[in-house]
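1. here are the coordinates; sequence isn't available:
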């Protein structure tokens, strides 16, 4: 994770495209690094690290929940100056799953930056991941520090054989 964070932090390809939509001003946006998007691999080295990480997540508890093939992958940077917005990433019934994790190995609970989903505030400890339905409203929680919180997110296909609840942490 530290290697992934290091190489992401040294990239010159961060953008301010998110959150997407006409209702968002530049003040609402946050830095994001597209690793894999609809155009393909944006950063081959980071894409390789991300795919390795996704396979570890799959083996550690994702088997049966998702197919480990990346549709989209990115890393975001947020701090206490970043506005949080409740949003959905995908349309209902599109068969996609989102996986989110904090890649700062030293991130502390008291710095905030948890994950709000299904009406519940969830602390995602460093190097842990959450699998959830991206068509449901969710948001980052307020970050209370100037320290930059790096979070990686994957969009993958849901395993059709699964009847398990997607809202899972490990």
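-> Received it, and whenever you're ready, just let me know what you need. All figures in this text were calculated on a predicted structure; none of them were measured in a lab.
2. Could you say which helix or strand holds residue 93?
-> For residue 93, there is no host helix or strand (DSSP states H and E).
3. Tell me the spacing between it and residue 133.
-> 10 Å (CB to CB, to the nearest Å). (C-beta placed from N, C-alpha, C; glycine too.)
4. So between the two, which is more surrounded?
-> residue 133 (20 against 7; other CB atoms under 10 Å).
5. Tell me if I'm right that residue 18 and residue 75 touch.
-> No. Using CB atoms under 8 Å, residue 18 is not in contact with residue 75, being 11.4 Å away.
6. list residues touching both of these two?
-> Counting by CB atoms under 8 Å, 6 or more residues apart in numbering, the residues touching both residue 18 and residue 75 are residue 32.
7. Those two: who's more crowded?
-> When neighbours are counted by other CB under 10 Å, residue 75 comes out ahead of the other of residue 18 and residue 75, with 24 against 18.
8. wait, what's in contact with residue 55?
-> Residue 55 touches residue 68, counting by CB under 8 Å, 6+ apart.
9. and residue 81, how many neighbours does it have?
-> Per other CB under 10 Å, the neighbour tally for residue 81 reads 9.
10. now it: how far from residue 21?
-> Going from residue 81 to residue 21 by CB to CB gives 21 Å.
11. buried ones in stretch 116-135?
-> Residues of stretch 116-135 classed as buried: 116-117, 122, 124, 126, 129-135 (neighbour count, 16 or more other CB atoms under 10 Å).
12. ok, now stretch 87-103?
-> 89-90, 96-103.
13. same question, stretch 153-163
-> Residues of stretch 153-163 classed as buried by neighbour count (16+ other CB under 10 Å): 153-156, 158-159.
14. Give me the contact list for it.
-> Under CB under 8 Å, 6+ apart, the answer for stretch 153-163 is 50, 54, 57, 64-76, 89-90, 95-101, 134, 166.
15. helix or strand for the spatially most central residue of the chain, which one?
-> In the chain, the residue lying closest to the centroid (CA atoms, centre = their mean) is residue 153, at 2.3 Å. Using DSSP H and E, the element containing residue 153 is strand 149-158.
16. Run the chain-centre distance for that strand.
-> 3 Å (CA atoms, centre = their mean, to the nearest Å).
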